[in-house]
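Novice: The sequence isn't on hand, but the structure is:
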């Protein structure tokens with residue numbers, strides 16, 4: 001049986017039509033994004049996650065559902081990290097210090113005083129070439145990084161008195177955030193303790209720690225101001241959250257859905273810059289109202305702390321090489 005050109009064209013058109021229909025059906029299918037995070041829903045990044053949920057659900061007319069699980073209610077810490085890699089959850093904003101365990105390059109963001117102003121951090125987060133270099137290792141582990149959700153500075157608070165000079169850190173047991181922060185605190189003479197944010201209150205009550213490092217609004221949300229009466233706003237460690245998605249889940253989405261989700265996350269990340277700073281200012285006022293002495297670190301004091309924690313930079317240069325460390329330093333020049 002011979003096939004005419006007209007028959008062939010008709011067959012091709014039929015095949016393309018079937019493919020288009022299948023693609024359209026795939027694009028229109030209902031999608032659920034399980035989005036656990038280990039911090040409270042009312043701190044700045046928690047509010048960002050809520051804003052993302054609202055945008056995605058509105059713009060997809062409810063076809064894409066975002067299920068938020070705050071306070072580690074579904075997964076937390078390393079379990080959360082591994083869960084997103086495996087696909088037990090589709091998305092998270094988990095503090096960079098955890099991801100540094102599987103992608104060591106990320107730890108350069110945690111070096112003491114790497115970003116002494118908010119603007120220096122924003123420069124790094126807007127540098128696409130720098131981000132590609134630093135996040136390439138993480139993306140090889142089974143996740144897609146949509147960007148960097150900014151927070152604010154992780155600052156120390158103590159129930160043992162004010163932390164003014166670097167020497168004041170000596171002998172204190174302080175909750176650290178990740179290995180690099182722990183190394184910086186240890187270099188200054190403190191004993192760094194690794195504790196999940198959800199376990200800090202109990203650790204303080206039991207005397208496991210004398211204080212902690214966390215953003216200002218977390219001091220308020222978790223009521224750490226009850227035992228902690230001295231906080232130093234030291235701009236030595238800027239916290240952010242890589243906005244990560246399970247790579248297999250991401251690859252399985254239609255192009256339009258990926259664009260919708262990425263655009264919503266991008267808008268939230270940019271808008272979060274002002275929101276997080278405002279939240280820090282409001283938290284500072286709330287802490288003072290609750291009897292906490294909030295000390296604004298001076299430039300001279302910052303120099304002293306930086307010198308005391310300098311070993312962290314030396315170690316990082318030995319691990320990652322001078323070129324990368326010089327690129328990090330350049331953001332603050």
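Specialist: Structure received. Everything numeric here is computed off the predicted structure, so don't read it as measured data.
Novice: Out of the helices and strands in this protein, which is least certain?
Specialist: Scoring the helices and strands of the chain by mean pLDDT, DSSP states H and E places helix 5-28 at the bottom, with a mean of 42.
Novice: Pick out the residue nearest the middle of the protein.
Specialist: In the chain, the residue lying closest to the centroid (Cα atoms, centre = their mean) is residue 241, at 1.1 Å.
Novice: Make sure that residue is indeed in a helix.
Specialist: No. If the criterion is DSSP: H, G, I helix; E, B strand; the rest coil, then residue 241 is strand and not within a helix.
Novice: Show the model's pLDDT score for the residue nearest to it when sequence neighbours are not counted.
Specialist: Spatial nearest neighbour of residue 241, chain neighbours left out: residue 93 (3.7 Å); criterion: Cβ to Cβ, 6 or more residues apart in numbering. From N, CA and C alone the C-beta is placed, and that goes for glycine too. Predicted confidence (pLDDT) at residue 93: the value is 97.
Novice: show me what contacts residue 93?
Specialist: By Cβ atoms under 8 Å, 6 or more residues apart in numbering, residue 93 lies in contact with 37, 45, 48-49, 149, 241-244.
Novice: so it bridges to which residues?
Specialist: Counting by DSSP bridges, residue 93 forms beta bridges with residue 243.
Novice: Tell me the secondary structure at the closest residue to residue 108 other than its chain neighbours.
Specialist: Of all residues not flanking residue 108 in the chain, residue 328 sits nearest, at 5.1 Å (Cβ to Cβ, 6+ apart). Per three-state DSSP, the secondary structure class of residue 328 is helix.
Novice: now residue 175
Specialist: Quick answer, by three-state DSSP: residue 175 is strand.
Novice: I'd assumed residue 200 was in contact with it.
Specialist: Yes. Between residue 175 and residue 200 there is a contact under Cβ atoms under 8 Å: 5.9 Å.
Novice: Looking at the two, which is more packed in?
Specialist: residue 175 (28 against 22; other Cβ atoms under 10 Å).
Novice: ok, the more buried one - contacts?
Specialist: Contacts of residue 175 were listed using Cβ under 8 Å, 6+ apart, and they are 193-195, 200, 203, 209, 211-214.
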